[in-house]
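In: Sequence first, then the predicted structure:
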Amino acid sequence: MRGRSHRTGALITNAGNAGNTHLWELGEHEWLPYTHSQCGALYKPWPTREHWVSRGRPSLRWKWGPLARDQEDWRQLISDTLQYISNKTIFFSGDSNTEAQFTSLVCLLQTSVTVDKIKSGDLSYHYKIFSTTTSLIFLRQDRLVQKRNCRLLCQKRKQNQRKQPQHCIQQCQKHHLDTSKVAANFQTQLSLYRPSIILLNVGAHFSRGKHGSEARAAIAFTQTVQTVFEHVCSLTWSPTLIWRLSHVNLYSDGDWDSKGSCSSSRPQNLDSVPDLLINRTRFQNSFVQRHLGSASENCYAKVLDTYSMSLHRADALCGRLPTGIWDCTHFCSPGLTDLWNILFLRQVNTIFSPTLPPPSPPA
């Protein structure tokens, strides 16, 4: 029988009875701070309101108790934050969900100020708010550490191997990360832009399907987190590091490669979500939180807890895409990723508010 200690907790309360850890209904109103036509940064794989309408789902009809006030006053929160991020560079790096969060942040900020695209490519974007001299950088880097060149490695070993080169490549790809080194483009971009705020996340790509077994994936993940923390905390300009906790991929009765789906129209419990998906995410987030405690001795590091607010939100996922494939990994925009950013903006306000002592790493 499944243990339920990690699956308990009230999902929904009435607005008048909302507690600090509860979701509560938004009622007749719809969360729609921007549309696709208003934010050109918003595109694949997280469709906008048009997709919500075609699915018959509202974009976001539930509020997260601790953020209810900030969600109601989100324009004022942005206005306050713009003062604190003046002359600063904000740098996001991670997988597609980090890209979705970055895109959401650009869209939210564009509701209050002009945000110009400086350049973009397959793996990176650079936006600038000229009125506040603020740069917004995103680098797509699914694991943040260096990949091995398996084909080249196997070619060098070819003369000394009895096994076929293809078998060598397949085995190498199961251990294809050099988790002792951060990715070269990640290191280069940090040195180039010298950001004041760095938001990172890895996790979704450390799985059995990517590494051959859950045990190998877990080892690679822990080594990666240690390497990345060590590198960021050694940067000479002492940036603020914010690590976004991962959310559970809310596939019911399966996974992305085993006919999983997510058809809920309201927040739900996790009874139909495989234990493997929940346990993997809980392990990763627990490790990050433990390691952050020791890393914070050398740098200013904080956790962005998007895990808690996302845990029951299968209703906010992109769901069945026009291709017929179920996407139970990404949240549609506008939607839950905006709440991730409201939490992020509140954290930035707290860190850089002039009424509070400025953050500094311990001596």
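Out: That came through, no problem. Numbers count the residues shown, from 1 in each chain.

In: can you give me the helices for the stretch 51-200 of the chain?
Out: Secondary structure of the stretch 51-200 of the chain (DSSP state H, counting those that start in this stretch): helices at 68-72, 74-84, 96-110, 150-157, 165-174, 184-193.

In: meant to ask about the stretch 251-363 of the chain
Out: Taking DSSP H, counting those that start in this stretch as the criterion, the stretch 251-363 of the chain carries its helices at 275-295, 306-310, 336-352.

In: Can you show me the CA trace of the longest one as CSV?
Out: Yep, that's helix 275-295 we're talking about. Only the C-alpha atoms of helix 275-295 are listed here, as CSV (Å, rounded to 0.1, in the frame of the first residue of the first chain):
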residue,chain,number,x,y,z
ASP,A,275,5.6,7.1,-6.8
LEU,A,276,8.7,7.2,-8.9
LEU,A,277,8.0,10.7,-10.1
ILE,A,278,7.2,12.0,-6.6
ASN,A,279,10.1,10.3,-4.9
ARG,A,280,12.6,11.5,-7.5
THR,A,281,11.6,15.1,-7.1
ARG,A,282,11.4,15.0,-3.3
PHE,A,283,14.9,13.5,-3.2
GLN,A,284,16.3,16.1,-5.5
ASN,A,285,14.7,19.0,-3.6
SER,A,286,15.7,17.7,-0.2
PHE,A,287,19.3,17.4,-1.4
VAL,A,288,19.4,20.9,-2.7
GLN,A,289,18.0,22.3,0.5
ARG,A,290,20.5,20.4,2.6
HIS,A,291,23.4,21.4,0.4
LEU,A,292,22.3,25.0,0.3
GLY,A,293,22.7,25.1,4.0
SER,A,294,26.4,24.3,3.7
ALA,A,295,27.0,26.4,0.6
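
In: Find the centremost residue of the protein, please.
Out: Closest residue to the average C-alpha location of the chain: residue 98 at 3.7 Å, with C-alpha atoms, centre = their mean.

In: Now do it, the pLDDT please.
Out: Looking at residue 98, its pLDDT is 95.

In: Identify the residues contacting it.
Out: Residues in contact with residue 98 (C-beta atoms under 8 Å, 6 or more residues apart in numbering) are 92, 138, 199-201, 244. The C-beta positions use only the backbone N, C-alpha and C, and glycine is treated the same way.

In: Report the separation between it and residue 155.
Out: Separation of residue 98 from residue 155 (C-beta to C-beta, to the nearest Å): 34 Å.

In: Please apply the same query to residue 204.
Out: Distance, residue 204 to residue 155, using C-beta to C-beta: 31 Å.

In: Those two: which is more packed in?
Out: Comparing residue 204 with residue 155 by other C-beta atoms under 10 Å, the one with more neighbours is residue 204, at 22 against 13.

In: Hmm, residue 99 and that one touching each other?
Out: No - with contacts counted by C-beta atoms under 8 Å, residue 204 stays clear of residue 99, the gap being 11.7 Å.

In: care to break the chain down by domain?
Out: Per the record, the chain has its domains at 27-144+183-352, 148-178, by automatic domain parsing.

In: Out of these, which gets the lowest mean score?
Out: Mean pLDDT per stretch puts domain 148-178 lowest among those, at a mean of 67.

In: how about the helices of the stretch 251-363 of the chain in CSV, adding mean neighbour count and distance to residue 228?
Out: Converted to CSV, the helices of the stretch 251-363 of the chain look like this (neighbours: other C-beta atoms under 10 Å; distance: least, C-beta to C-beta, whole Å):
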stretch, mean neighbour count, distance to residue 228
helix 275-295, 17, 10
helix 306-310, 21, 18
helix 336-352, 22, 19
